[in-house]
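# Any chance you can model this:
(one chain, ligands or ions: 1)
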Amino acid sequence: MPISPSAALLPCAELHLHIEGTLEPELIFELADRNGIDLPYADLEELRARYQFTDLQSFLDLYYSNMEVLRTGADFAAMTRAYLRRAAAAGVRHVEMMVDPQAHLLRGVPLEECINGVAGVLATSLEEFGISTVLIAAFLRDRPIAEAEDVLRQLLAMDAPIAAIGLDSAEVGNPPEGFVELYRMASAAGLKCVAHAGEEGPAHYVEQALDLLKADRIDHGIRALDDPALVARLVRDRVPLTVCPLSNVRLRAVDTLADHPLPQMLALGLNVSVNSDDPAYFDGYVDDNFAALQRTFGFSPDQLAELAVNSVESSFASGERRAELLELIRAWRAAQGVS
Ligand SMILES: [Zn+2]
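Numbers count the residues shown, from 1 in each chain. The predicted structure is shown next:
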């Protein structure tokens, strides 16, 4: 039975979101204008025409290029505020947001501008948008390992308000095993650990992220399905996999949404949640992802609620906040006529 339009506002947590991936074309032009930057596109249409990706790398090239417009703390704040406003309208009530500090430092943007610009907005997000937040510093796996370790040291020295570290950017050929010391440092500093693994890379990258990096959560993880023994382990240990359906389609990890393994992952008992990854680039915030899944697979309200419950239970939110969010999901289920 189709869900009602109000069901689009399923309360959930978003656990896999790159704040730089929320930079909408309009804001790119606005920030370029503010900072006196000449963009290599004449207008919005020309920029939008570049959003046809063939794989992860083709997206990353545009993603890094567009970051050029982020120069000051105010720019980072404007981007963060725009995402939170849109996320609130999507039903997101808690977000664990990744930022790529290295990508900005490399362009000469001081860490303080980037971190404080984002964190300043997150500090009042619950009051302003009804969204509780966690900030994750993600490191670029296709850059030198020593560089990541140096940036983590700088973040710790400035007492940056981060709760976790992550690992992102070009996956294939950059396995988790190189980052053991980075994750050991983070863990020793009391930070949680997440890592992208098994998006384009093989199933054993997921195993490495768990065994070597001691990751609390795997971002993507869809390639884990290639290894039944690994699937059994992920099910047994309830390892959270932050799946991003529309991202996987746009970056050609799957051909079409109908080919996406999410229904299979749910049926196997994997702990999966639905996330938007880089929504400005993939035509889809969390509500768009849920709506597309509902349209393609006819997910029942019960299945949608299960995905939302997984997102909350896999978050780093406090026990009290998680209980609040689970109560919101229960109320949503009741409103759908699900017992
Ligand atoms: Zn991602």
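# which residues in this structure form strands?
Listed from the start of the chain, the chain has strands (DSSP state E) covering 12-18, 92-99, 132-140, 164-168, 192-197, 217-220, 240-243, 271-274.
# Relative to the last one, what are the paired strands and their orientations?
Just to be clear, that refers to strand 271-274. With DSSP bridges as the test, strand 271-274 is paired with strand 240-243 (parallel).
# So for the residue nearest to P202 when sequence neighbours are not counted, what's the pLDDT?
Spatially, and ignoring its direct neighbours in sequence, P202 is nearest to R223 (6.0 Å; CB to CB, 6 or more residues apart in numbering). Where you see a C-beta, it was placed from the backbone N, CA and C, and this is true even at glycine. Note for R223: predicted pLDDT of 97.
# Now do the contacts for R223.
G198, E199, E200, G201, P202, A203, Y205, V206 (CB atoms under 8 Å, 6 or more residues apart in numbering).
# Could you tell me which residues make contact with H220?
H220 neighbours (CB under 8 Å, 6+ apart): H16, H196, A197, G198, E199, L241, T242, V243, C244, N248.
# Please apply the same query to F299.
The contact partners of F299, taken as CB under 8 Å, 6+ apart, are P263, L293, L307.
# unless I'm mixing things up, the last one is touching V272, no?
Which is L307. Yes - because the distance of 6.8 Å satisfies CB atoms under 8 Å, L307 is recorded as touching V272.
# Common neighbours of the two, please.
Contacts common to L307 and V272, judged by CB under 8 Å, 6+ apart, are L266.
# now, the most widely separated pair of the contacts of H220?
Across the contacts of H220, no pair lies farther apart than A197 and N248, at 14.0 Å, counting by CB to CB.
# These two - which one has more neighbours?
A197 (29 against 23; other CB atoms under 10 Å).
# Quickly note the distance from that one to G337.
Look at A197 and G337: by CB to CB, to the nearest Å, they are 38 Å apart.
# just S314 next, same as before
S314 is 27 Å from G337, by CB to CB.
# what about these two, which has more around it?
Just comparing S314 and G337: by other CB under 10 Å the higher neighbour count belongs to S314, 23 against 10.
# and the closest residue to that one other than its chain neighbours, bridged to which residues?
Distances taken as CB to CB, 6+ apart place P240 nearest to S314, at 3.4 Å, with adjacent residues excluded. Note on P240: beta-bridge partners by DSSP bridges are N271.
# Measure how buried P240 is and give me the count.
Around P240 there are 25 residues (other CB under 10 Å).
# Please report how far it lies from V118.
23 Å.
# Repeat that for E207.
According to CB to CB, E207 stands 32 Å off from V118.
# Next: H260.
30 Å.
# Between those two, point out the one with more neighbours.
Neighbour count, other CB under 10 Å: between H260 and V118, V118 has more, with 26 against 22.
# before we move on, the earlier item: could you say which of the strands of the chain is packed most deeply?
Stretch with highest mean neighbour count among the strands of the chain: strand 12-18 (a mean of 29; mean count of other CB atoms under 10 Å).
# can you give me how far it is from the chain middle?
Remark: strand 12-18 is offset 5 Å from the chain centroid, using CA atoms, centre = their mean, to the nearest Å.
# What is it packed up against?
Packed against strand 12-18 by the contact rule (3 or more CB pairs under 8 Å, 6 or more residues apart in numbering; DSSP states H and E) you find strand 92-99, strand 217-220, strand 240-243, strand 271-274, helix 301-313, helix 319-335.
# Redo these as a markdown table? Include mean pLDDT.
Listed next are the helices and strands packed on strand 12-18 as a markdown table, based on pLDDT from 0 to 100:
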| stretch | mean pLDDT |
| --- | --- |
| strand 92-99 | 98 |
| strand 217-220 | 98 |
| strand 240-243 | 98 |
| strand 271-274 | 98 |
| helix 301-313 | 96 |
| helix 319-335 | 96 |
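# Output the below-cut-off pLDDT ranges for this protein.
1-8, 338-339 (pLDDT under 70).
# if you set the cut-off to 80 instead, what comes out?
Low-confidence segments of the chain (pLDDT under 80): 1-8, 337-339.
# list the contacts for M67?
So M67 contacts E20, L23, A103, H104, R107 (CB under 8 Å, 6+ apart).
# Report the buried members of these.
For the contacts of M67, a neighbour count by 16 or more other CB atoms under 10 Å gives the buried set as E20, L23, A103, H104.
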